[in-house]
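Student: I would like to see how this sequence folds:
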Amino acid sequence: MTGRLADKVAVVTGAASGIGAATARLFADEGAAVVGLDRNPATTSAEGVLHRTCDITDAVAVDAAIAEVRGAHGRIDVLVNNAGADVFAEPLALSDADWERCLSLNLKGAWHLCRAVLPAMLAQGAGSIVNIASVHGHKIIPGCFPYPVAKHALVGMTRSLGIEYAARGIRVNSISPGLVLVPRIEAWFDREPGARERQTALLPPKRIGTPEEVAYTALFLASDEARFINAADILVDGGRSQVYHD
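Tutor: Numbering: from 1, shown residues only. Below you'll find the model as predicted:
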C-alpha cells in the first residue's frame, strides 16, 4: 500500500460488515488509525482497526465514542458515515415508528456523527467527511419508500455542510452506491432464486459492484488527493442510474 492516509485518524460507522468493513480495512492498510463503530460485533478483524460498539441513533453514545477517539489520538481527520438500513413500505401503510426509524438510521445518525467530529476538525483546520448515500438519493424505485427520502436528505446535508465549513478547511462529500454485494444483498439473492441473474443483467458492466470498489472511492475522497473536491456526490453504480430504458 502507498500510505495515502498516513498519520490520519479515521472513524468509520457501520464497520462490522459490508462497505464499512471494507473501508475500515482499506484505510488501515493505507496508514490510518481507524476506529470502527457499529451496533453489531465485527464479523472479521483487521490489523489497525479498533472496533467499538455504538448505536449511531443514540447521540449520547456517539458523543462518548468520539470523545474517546479524540482523547486517545488527539485529533480526528476523517469520518465515513456508512451505517444505515433499508426501510421499505407502501406509503399509506407506513407506521410513524418506521418513518422515524428510517430517518434516524439513514439521516439523523449521520448528523450525530458530523456534529460530534466537527469541533475537532475545526480546531485543527482540516477534515474530510464522507457520507455513504445511495442511488436511491438520485432515482426513485417504486416500492422503496421512505428510504429515498432519507438518502435525498443525506445528499442535501452533505452539500450544505460542505459549503458551510469549506473556508475553515472541512470537506464534506458523499458516495451513492448502486447494487453492491453486501450481506443483505447476498441474503436477498439466497431468498429469491434468479434475482442475482436478473439484477446482473440490468447493470451496464453485467456484474454487481463490490464493497471494496466503494471503499476505494471513500479512500480517494478522504485523502489529500481530493483536497479541492467538496459538497460533491459520486455515483458508484456501474452507470445503471444513467440508463433510461432497459
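
Student: can you map out the helices along the protein?
Tutor: 18-29, 59-73, 96-103, 109-124, 147-165, 183-191, 195-202, 211-222 (DSSP state H).

Student: which of the ones you listed sits most buried?
Tutor: helix 18-29 (a mean of 26; mean count of other Cβ atoms under 10 Å). C-beta: built from backbone N, CA, C; applies to glycine.

Student: list the helices and strands that one packs on?
Tutor: strand 9-13, strand 33-38, strand 49-53, strand 78-81, helix 211-222 (3 or more Cβ pairs under 8 Å, 6 or more residues apart in numbering; DSSP states H and E).

Student: between the longest one and strand 9-13, how many degrees?
Tutor: Inter-element angle recorded for helix 211-222 and strand 9-13: 140 degrees (by axes from the mean of the first three to the mean of the last three Cα atoms, to 10 degrees).

Student: Report the mean confidence score over helix 211-222.
Tutor: Here helix 211-222 scores 98 as its mean pLDDT.

Student: Can you pull out the residues in contact with that helix?
Tutor: 4-5, 8, 10, 18-19, 21-23, 25-27, 30, 77-78, 80, 128, 130, 132, 171, 173, 175, 177, 180-182, 226, 229, 234, 236 (Cβ atoms under 8 Å, 6 or more residues apart in numbering).

Student: repeat that with 7 Å
Tutor: 4-5, 10, 18-19, 22-23, 26-27, 30, 78, 80, 128, 130, 173, 175, 177, 180, 182, 226, 229, 234, 236 (Cβ atoms under 7 Å, 6 or more residues apart in numbering).
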